[in-house]
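> this one's sequence-less:
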């Protein structure tokens, strides 16, 4: 076919939305990235690692700093983070026995992306709240 014939024929493909390279990579390799992101990208993991980036902390200190987390949710999240090599648990030689959590070098490597996400949430939070209010008003 000639080039002009091809140009005149309507396209059956949907136009693609522009997507950044990193997102393309993640979508292509979702089987690999999804399990990893499920372990680190939930709200408690992000907040726990953010707390531990500044200093090692004991369980109750972390709990106090994370308003709203339950004892079980914190214990489960810390175990998951430890299992994934992001947090180290150290039993302290105190009476009663104390436990301190520190972030590992692997966990610390998440500091920059988490700080960027946190800054984005602070900056764009009001826009999200406005969008939610607009949606709720339209829906009902």
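Nice, thanks for sending it over. This structure is a prediction, so every number in the text was calculated from the model and none was measured.
> any idea how far residue 136 is from residue 129?
Residue 129 is 11 Å from residue 136, where distance means Cβ to Cβ, to the nearest Å. Every C-beta, even on glycine, is put in place using the N, C-alpha and C of the backbone.
> where in the protein is pLDDT low?
Scanning the chain with the threshold set as pLDDT under 70 gives 1-28.
> residue boundaries of the strands in it?
Assigned by DSSP state E, the chain shows strands spanning 57-58, 87-92, 98-103.
> any chance of the ones you listed in JSON lines with mean neighbour count as columns?
Listed next are the strands of the chain as JSON lines, based on neighbours: other Cβ atoms under 10 Å:
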{"stretch": "strand 57-58", "mean neighbour count": "16"}
{"stretch": "strand 87-92", "mean neighbour count": "14"}
{"stretch": "strand 98-103", "mean neighbour count": "17"}
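> got those as CSV, with distance to residue 76 columns?
Below are the strands of the chain laid out as CSV (distance: least, Cβ to Cβ, whole Å):
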stretch, distance to residue 76
strand 57-58, 17
strand 87-92, 12
strand 98-103, 14
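> state the distance from the most centrally placed residue in the chain to residue 95.
Centroid-nearest residue in the chain: residue 41, 2.5 Å away (criterion: Cα atoms, centre = their mean). With the distance defined as Cβ to Cβ, residue 41 ends up 38 Å from residue 95.
> kindly report the same for residue 128.
In this view, residue 128 and residue 95 are 47 Å apart by Cβ to Cβ.
> who has more neighbours out of those two?
Using other Cβ atoms under 10 Å, the more surrounded residue of residue 128 and residue 95 is residue 128, with 10 against 6.
> now do stretch 107-118: everything it contacts.
Residues outside stretch 107-118 that contact it (Cβ atoms under 8 Å, 6 or more residues apart in numbering) are 40, 46, 49, 50, 52, 53, 81, 85, 86, 87.
> among these, which two are most distant?
Greatest spacing in the contacts of stretch 107-118, by Cβ to Cβ: 50 and 85 (17.4 Å).
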